[in-house]
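**Q** Following is a predicted model, sequence given first.
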2 protein chains.
Amino acid sequence: VTEQQYVIGVDLGGTHARVGVLTPGGSQVAVAEQALPEKRTPRTAVEVTSALIKKLMQGNHLTAILGIGAGVTGPVIPSQGTMISPHTDPPWQFVPYSAPLAEEFAVPVVLENDADAAALGEYWQGAGRGVERLYVVTVGTGIGTAYIVNGEIFRGRGDWHPEGGHQIIDPASGSTCYCKETGCWEALASGDGFTAQCRKRAVEEPVWLTRLGLTAAEQLTSSLVVQAARKGDRVAHELVEKEAYYLGVGLLNIISFFVPDKIVLSGGLMKHFDLFEPGIRSVINRHEVLVPASEVIIEPDSLDYHAGVYGAAYALLRSLGIA
Amino acid sequence: VTEQQYVIGVDLGGTHARVGVLTPGGSQVAVAEQALPEKRTPRTAVEVTSALIKKLMQGNHLTAILGIGAGVTGPVIPSQGTMISPHTDPPWQFVPYSAPLAEEFAVPVVLENDADAAALGEYWQGAGRGVERLYVVTVGTGIGTAYIVNGEIFRGRGDWHPEGGHQIIDPASGSTCYCKETGCWEALASGDGFTAQCRKRAVEEPVWLTRLGLTAAEQLTSSLVVQAARKGDRVAHELVEKEAYYLGVGLLNIISFFVPDKIVLSGGLMKHFDLFEPGIRSVINRHEVLVPASEVIIEPDSLDYHAGVYGAAYALLRSLGIA
């Protein structure tokens, strides 16, 4: 039998599930995705994952897989294969995920937090390939962080996933986050935080809104502001600079605490990394005394929304001693 | 020959050198210390260390030692045994430390940053004994941080020692630090930072100064303010609460980034930990959503200024595979 053995990578976010079939060498053979239903039960995550895996196996004539790796939104207990999602999915509280899938497919299943999985993906096949100390920051709806050291996920007590997105960087600014703190990084600098700052400015300066051809602050999106900044709009430029400043402060703190070799930035807003980079760099390069901050490489991600699928598959391969 | 083999631990600070003789089991047999001369050459550190070791060996009739472990102020390059002290000791720039001592005493020498060494000491024989994930914060003239994971020092790229004391926690407050940032933790919450805040308040509210029986803000020390707070002085109490708040914010960020099992607080100001504890706890316990912040144990150190000597000796023992 010379049949190639394949591995399954699962990325289960707050709204979508994405499943990929990969070779142990890191080639993606096929991918399938599906929106999660609005109404969720404790079984939804497993059911959606199972259905997508079966669909991919049938569609690609696979009769056997090596195993399943999954990155799931919210805190998880990796050692138990259990999900805990206090915010995104209240029904998913201490819900077994790995065990039922392991039983159904009769293969090993590995469960990780989705930020950790995406960071592993960038380490394995993306912008952080082979980097010894790789810090990954996802600037999306919120801010997720993950640290990969020699290909291993950096964990806290009881294997808790650290949440650097909730570091407090400016208690005098920003709205109060669901983490109960004011001025945490996520509240100030996430994609949603940036949009909120832009809309606040639009309310304060309605003439700017008119200049952009809009009639209500709610019409403003981060993309529109980024475009306007690229065209030289002064207010948009100021907002981009402020965002870059907050990103820079949070990243400088990461450098002070970890001194990584490289930081990879992912998430929607970081598709415009070039626009934010000078402002980020000016904060970081100013600090040059105690750690070599300006030497830390900062780059956008390269796998985009496929990072989670790659990284989940890699977590499984590592657990099998194959990668 | 049944002669017990001894190990040397060196703590070389900004102003003092302290050397101890210890057993591999962690008993301190003898200790000697000496102030560093005002005028320093690149040879001073090695000369003072050597003199203290010889004095201890003679005084305790030791003819042989297992090796020398040293914790030295400022950044060091552990793999090369080289000191780099941009702030505390400008003459000590890329100065070899381990090599000349290894030659003179014909034993292995290990060099670490002093905050890392002190943290190792607390892990080996102090308040962090055997803790899997131990974070140590020294609140003294500045704020030093160190993370010990399973008895190993957590390092950054090129083995740089991370400097969590320079995390930015409130850019709208505090003076500009030598790290070039405004509102870093050290500037706001170190012993010196606390004293500065107290003196500022004394200038703003001279009647308070009079009430304390003082005539000039410069007479105020952190000890006086702590004593006044214990006696119920309202202004002193407010200043203590503010300090506790800043300590709490910085510690909460450490919890978000690391989720350690235990945080040990050392340094002069932390001899009054009980006074600051309620304020620190109220900041940390408020944040209870994404990481189990309130479960992280926070305690004062137990080795005091001996921690560095213990930890340096332990670093040497580990390098020999004995501890």
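**A** The structure has been received and is ready for your questions. Numbers count the residues shown, from 1 in each chain, chains lettered A, B, ... in the order given.
**Q** which ones are touching A:C184?
**A** Residues counted as contacts of A:C184 (C-beta atoms under 8 Å, 6 or more residues apart in numbering or on different chains) are A:G165, A:H166, A:Q167, A:I168, A:I169, A:G174, A:C177. From N, CA and C alone the C-beta is placed, and that goes for glycine too.
**Q** show me the contacts for A:I297.
**A** Residues near A:I297 by C-beta under 8 Å, 6+ apart: A:D261, A:K262, A:I263.
**Q** buried sites along the helix or strand A:A313 falls within?
**A** Element membership for A:A313, per DSSP states H and E: helix A:307-319. Of the residues in helix A:307-319, A:A307, A:G308, A:V309, A:Y310, A:G311, A:A312, A:A313, A:Y314, A:A315, A:L316, A:L317, A:R318 count as buried by neighbour count, 16 or more other C-beta atoms under 10 Å in any protein chain shown.
**Q** Same question for stretch A:31-51.
**A** When neighbours are counted by 16+ other C-beta under 10 Å, the buried residues of stretch A:31-51 are found to be A:V31, A:A32, A:L36, A:R40, A:T44, A:A45, A:V46, A:V48, A:T49, A:S50.
**Q** just stretch A:268-278 next, same as before
**A** A:G268, A:L269, A:M270, A:H272, A:F273, A:L275, A:F276, A:E277.
**Q** Please list the outside residues in contact with it.
**A** Stretch A:268-278 is contacted from outside by A:139-140, A:191, A:194, A:222, A:226, A:229-230, A:240, A:243-244, A:247, A:265, A:298-301, using C-beta under 8 Å, 6+ apart.
**Q** Leaving out chain neighbours, which residue sits closest to the residue of the stretch 201-323 of chain A found nearest chain B?
**A** The stretch 201-323 of chain A approaches chain B most closely through A:V259 (2.3 Å), counting by C-beta to the nearest C-beta. Beyond its immediate neighbours in the sequence, the residue positioned closest to A:V259 (C-beta to C-beta, 6 or more residues apart in numbering or on different chains) is B:G156, lying 2.3 Å away.
**Q** right, and that neighbour touches A:I254 too?
**A** No. Using C-beta atoms under 8 Å, B:G156 is not in contact with A:I254, being 10.6 Å away.
**Q** which regions of the stretch 151-300 of chain A sit below the pLDDT cut-off?
**A** Confidence mapping of the stretch 151-300 of chain A against pLDDT under 70 gives the ranges A:288-289.
**Q** the helices in it, which residues?
**A** Per DSSP state H, counting those that start in this stretch, the stretch 151-300 of chain A has helices spanning A:185-189, A:191-204, A:206-211, A:222-230, A:234-258, A:273-286. These are given in chain order.
**Q** Tabulate these (JSON lines), appending distance to B:V131.
**A** Formatted as JSON lines, the entries for the helices of the stretch 151-300 of chain A read as follows, by distance: least, C-beta to C-beta, whole Å:
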{"stretch": "helix A:185-189", "distance to B:V131": "28"}
{"stretch": "helix A:191-204", "distance to B:V131": "35"}
{"stretch": "helix A:206-211", "distance to B:V131": "53"}
{"stretch": "helix A:222-230", "distance to B:V131": "43"}
{"stretch": "helix A:234-258", "distance to B:V131": "19"}
{"stretch": "helix A:273-286", "distance to B:V131": "32"}
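**Q** Can you tell me which of these is most buried?
**A** Looking across the helices of the stretch 151-300 of chain A with neighbours counted as mean count of other C-beta atoms under 10 Å in any protein chain shown, the highest average goes to helix A:185-189: a mean of 29.
**Q** Can you show me the CA trace of it as PDB?
**A** The C-alpha coordinates for helix A:185-189 follow below in PDB (Å, rounded to 0.1, in the frame of the first residue of the first chain):
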ATOM      1  CA  TRP A 185      -4.900  46.900  24.000                       C
ATOM      2  CA  GLU A 186      -7.900  45.100  22.400                       C
ATOM      3  CA  ALA A 187     -10.300  48.000  23.300                       C
ATOM      4  CA  LEU A 188      -7.900  50.600  21.800                       C
ATOM      5  CA  ALA A 189      -6.100  48.900  18.900                       C
END
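**Q** I'd like to check what contacts the helix or strand containing A:E47. Which residues are they?
**A** Per DSSP H and E: A:E47 is located in helix A:44-59. Taking C-beta under 8 Å, 6+ apart as the criterion, the residues outside helix A:44-59 that touch it are A:8, A:10, A:12, A:17, A:19-21, A:30-34, A:36-37, A:62-63, A:65, A:68, A:70, A:72, A:83, A:89, A:91-92, A:95-97, A:100-101, A:104-105.
**Q** Any residues of the stretch 101-250 of chain A in contact with chain B? List them.
**A** Where proximity means C-beta under 8 Å from any C-beta of the partner chain, the interface of the stretch 101-250 of chain A facing chain B comprises A:132-133, A:145, A:155-158, A:160-173, A:178-181, A:249.
**Q** give me that answer again for 7 Å
**A** Within reach of chain B by C-beta under 7 Å from any C-beta of the partner chain, the stretch 101-250 of chain A has these residues: A:133, A:156-157, A:160, A:162-164, A:166-172, A:178-181, A:249.
**Q** ok so, going back, which one (most neighbours) among the contacts of A:I297?
**A** Among those, the one with the most neighbours (other C-beta atoms under 10 Å in any protein chain shown) is A:I263, at 25 neighbours.
**Q** which residues does that one bridge with?
**A** In this structure, A:I263 bridges to A:Y135, A:I298 when assessed by DSSP bridges.
**Q** Double-check it against A:L251; I have them as touching.
**A** Yes. Here A:I263 reaches A:L251: they are 6.2 Å apart, a contact under C-beta atoms under 7 Å.
**Q** Residues that sit against both of those two, list them.
**A** With C-beta atoms under 7 Å, 6 or more residues apart in numbering or on different chains applied, the overlap between the contact sets of A:I263 and A:L251 consists of A:I298.
**Q** Show me what A:T145 is bridged to.
**A** Applying DSSP bridges to A:T145 yields these beta-bridge partners: A:V137.
**Q** In contact with it, which residues?
**A** Contacts of A:T145 (C-beta under 7 Å, 6+ apart): A:A115, A:V137, A:P162, A:E163, A:G164, A:G165.
**Q** Check the gap between the second one and chain B for me.
**A** Yep, that's A:V137 we're talking about. 12 Å (C-beta to the nearest C-beta, to the nearest Å).
**Q** Alright, that wraps it up for me.
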